[in-house]
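*Asks:* need a 3D model of the sequence below.
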Amino acid sequence: MKPLAPLLLSLLFLTSQTVLSFKREEFRNCHQTPFCKRSRARSPGACTLTPHSISISNGDLTATLLSKNDDQIRPLILSLSVYQDGILRLKIDEDYDHPDPAAPKRRFQVPDVIVPEFESKKLWLPRLSTETVGGESSPSTVVYLSDGYDAVLRHDPFEIYIRDKKSGNQKLISLNSHQLFDFEQLRVKQEKQDSDYTEDSGSDDNWEERFRSHTDKRPYGPQSISFDVSFYNAEFVSGIPEHATSLALKPTRGLGVEKDSEPYRLFNLDVFEYLNESPFGLYGSIPLMISHGKEGRSAGFFWLNAAEMQIDVLGDGWDAESGIELVKQKSIDTFWMSEAGIVDAFFFVGPGPKDVVKQYTSVTGRPSMPQLFSIAYHQCRWNYRDEEDVANVDAKFDEHDIPYDVLWLDIEHTDGKRYFTWDPVLFPNPEEMQKKLAAKGRHMVTIVDPHIKRDDSFSLHKEATEKGYYVKDSSEKDFDGWCWPGSSSYLDMVNPEIRSWWGDKFSYENYVGSTPSLYIWNDMNEPSVFNGPEVTMPRDALHHGGIEHRELHNAYGYYFHMATSNGLLKRGGGNDRPFVLSRAFFPGSQRYGSVWTGDNTADWDHLRVSVPMILTLGLTGISFSGADVGGFFGNPEPELLVRWYQLGAFYPFFRAHAHQDTKRREPWLFGEKNTRLIREAIRVRYMLLPYYYTLFREANTTGLPVMRPLWMEFPSDETTFSNDEAFMVGSSLLVQGIYTERAKHASVYLPGKELWYDIRTGATYKGGKTHKLVASEESVPAFQRAGTIIPRKDRLRRSSTQMVNDPYTLVIALNSSQAAEGELYIDDGKSYEFLQGAFIHRRFVFANGKLTSINLAPSSTSKSQFSSKCIIERIILLGYSPGPKNALIEPANQEVQVELGPLMLEGGRGSSVVTIRKPAVQVSDDWTIKIL
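*Replies:* Sure, this is the predicted structure:
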């Protein structure tokens, strides 16, 4: 009977996981997190460091930071580097050349995040200048940053800031203005307490930490870093995902804030049914914060660090008891705390919000260009039971005339939770199943998680064990934790050799049953360990090179995502764009695929908070993101499900997903009316695919998000600053969700001075005011901005793949000058040929009664060319008075009719609009169409 015991334990534990909801006591708060508790106890003015031996080395400003109190274990080394586009990089680390006492090891610096091309943008400093700034008693060292900006290293007290010369040398961003900087240095435990160490250095609390039943060793003692960062002339700060909170981050300390309020936590965790409006950290971590102010000015601060981080947003009066005179220039102060690592921080000067995002993604990389199918609609569930279930769901979409592109399989498709396998009874013919979907232009996604079942008969586990590829526990044995398969080990993805080995597993030879239409989903990669502290890996687990898990925890899922994406790239011979969805993320994740907001719940609050969550991801580089439509947990009422589809159709990543314990909720299961409403919502997404694909190419080249806060497009409009219920899709569409049950009205603020056009009816609304609209059950409010041109495809097919050769519609929304412009990007939708110039990129400009198509693609001598026979089938003119009967096409010298026609071929309401029918001009050509 003994062998049954661990199996029974496994089954009981895993069963309990399926019904867990968020339990606060299972996760640490700041008071229970030693480094956070210590850091928060520091008072302004506590820092005693000053810079010495300031000089230029290898084009950088370098200095040694020494304590006035002679209480350092060893000196700290500071460097300041300047890069193009107004980027300042600050690094502070221990002096590893200091002999007594020597550092026991090097602190972890996060590799493979900063893109190689960024280093080529470094500006080598020719000289330093010293000046006394603003009547201060001590001198400062000043270096040129970019036109209009200097970086200033203040000597005593130690401070680093960027000053804006155009605004009278006012500060833009600063570090250590409140003297909260602290850097706990590596050490080893002494048998006898040494006078060189602090009086409590022998305390067990310094060498281990406990939470509930878990104890983590700290062989190098406390090693946290903390400092304050201030953003000047800012009205709010945003960023630092992932939290289910408002877009503008609320204060966590200060007057009017509860004393036990928690900082914003960045620690990747598997959180069931996460809380709304909570600073609790979720599945991913990006330590980038962006400030924004009344003059439309933005700035940014990014700390490249993979250890747990806690960040306070400090409200008014947070330092009232310090006795220090408040800084006269208005600012938002923040306090950053990390358990380990080094200071590797970047300051971004903006000046606009788009500039900050471009600057950040120039460091961590632009988002990858997705395949066209992947930005269409995805249907997922834990789990579609078997091949018959898959076939039935696929057929039902066709029966109900609902397009979709991807069907997903969760963990139950495998043979006993062994990834890269198929259940031989439920999925005996996986290749045939995939080929049937592919015949309709559809794709499949299967799940591959990082935990590997510890089963000696499983070849993947056997090979990983023999090669020593698993993360080790603190005793240097293969770490053994519990996840879906039961006893599991976790691959050490920080090691490039292991990432390459993992990538080979996605070949058709190794992943038996896979086909070219199969792509991958990485879940549970925080990593999730059911019996670990806080449902994750112990902090004292060991990685390649002796790195402690505490040092790289937040990057673990990033390396797993990277390895999987590179594996699919290898599988396709380097010319098939991977699609990999990841739950965990980190700076740079945008280069490897998409993410989603994790295990949300079927309620109205989670529908609402999905918008600021996705907007925050976009601000921090991750454009390709979405939330589970309908909510993962629970059973949505039909109205909530419909409203979620209507909003989710505008997410960059559009997928419905549900827990195995929920009722089935495919779009046709809620009555004829609701089926029609969901169908129309999905069709809107397919209609707008050309516009979305063009925006994804813009993200790929500039870093700008597909889904944007209103203030990104209207940076000086203060009414937009607190609005995170509406959003922009690109610069041309505004979408307002409906977040309450049985809503009768919707209040929509439309910014700017120009008109907005309802995308379904063409009705016009003035900009610069809030409109109280009737809440139609047919759709959520969505508007096209006057002065823009949006490309559409109006013929609806089973999948996006079947729409490739269909004609285009251009919707021209005229502004008060009777002008508009827009762009269209087209390539083959799947390969990397576009990098060799194989694409079409057009700009459409309407002015003076004439529409002109202009080529934006550079001339290419490459053999790679892309051509399209697609034509423009309809041109719709919103805001153009009826009257003209004809238009002249040049250079063809051909007249076509101008008449009244529908704005939407299906599902639209309202009066007819001026339409140029069947101009039949090639989308790839230069031409003009003049209204006569």
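*Asks:* now Lys462: how far from Thr252?
*Replies:* Applying CB to CB, to the nearest Å, the value for Lys462 to Thr252 is 48 Å. C-beta here means a position set from N, CA and C on the backbone, and glycine is covered the same way.
*Asks:* quick one: least confident helix or strand in the chain?
*Replies:* In the chain, no helix or strand scores lower on mean pLDDT, DSSP states H and E than helix 4-17, which sits at a mean of 40.
*Asks:* how about the helices of the stretch 1-150 of the chain, start to end?
*Replies:* For the stretch 1-150 of the chain, helices defined by DSSP state H, counting those that start in this stretch occupy the ranges 4-17, 34-40, 116-119.
*Asks:* contacts for the second one?
*Replies:* Residues external to helix 34-40 that are found in contact with it (CB atoms under 8 Å, 6 or more residues apart in numbering): 30-31, 182, 184, 205, 209, 222, 224, 226, 263, 308, 310, 312, 335, 337-339.
*Asks:* state the mean pLDDT of that helix.
*Replies:* The pLDDT scores in helix 34-40 average 96.
*Asks:* buried sites along that helix?
*Replies:* Buried residues in helix 34-40, counted by 16 or more other CB atoms under 10 Å: Pro34, Phe35, Cys36, Ser39, Arg40.
*Asks:* cool, and the last one?
*Replies:* By neighbour count with 16+ other CB under 10 Å, helix 116-119 contains the buried residues Phe118.
*Asks:* stretch 474-481 now?
*Replies:* Quick answer for stretch 474-481 (16+ other CB under 10 Å): Ser474, Asp478, Phe479, Gly481.
*Asks:* how close does the second one get to Glu466?
*Replies:* Read it as Asp478. Asp478 sits 11 Å away from Glu466, taking CB to CB as the criterion.
*Asks:* got it, and the third one?
*Replies:* Going from Phe479 to Glu466 by CB to CB gives 16 Å.
*Asks:* and what of Asp386?
*Replies:* 34 Å.
*Asks:* and these two? Which one has more around it.
*Replies:* The neighbour comparison of Asp386 against Glu466 (other CB atoms under 10 Å) goes to Asp386, with 17 against 8.
*Asks:* thinking again about what came up before, so which of the buried residues of stretch 474-481 sit within strands?
*Replies:* Within these, residues falling in strands by DSSP state E are Gly481.
*Asks:* from the contacts of helix 34-40, which land in helices?
*Replies:* Judged by DSSP state H, the subset of those located in helices is Asp205.
*Asks:* so where's the stretch 251-400 of the chain uncertain?
*Replies:* Scanning the stretch 251-400 of the chain for pLDDT under 70 picks out 321-328.
*Asks:* where do the strands of it begin and end?
*Replies:* In the stretch 251-400 of the chain, the strands defined using DSSP state E, counting those that start in this stretch lie at 264-266, 288-292, 298-303, 309-314, 331-338, 343-348, 377-379.
*Asks:* who's in contact with the nearest residue to Leu877 once chain neighbours are set aside?
*Replies:* In space, and not counting its chain neighbours, Leu877 is closest to Val914: 4.3 Å by CB to CB, 6 or more residues apart in numbering. Val914 makes contact with Ile876, Leu877, Tyr880, Ser881, Pro882, Pro884, Val898, Glu899, Leu900, according to CB under 8 Å, 6+ apart.
*Asks:* lovely, talk soon.
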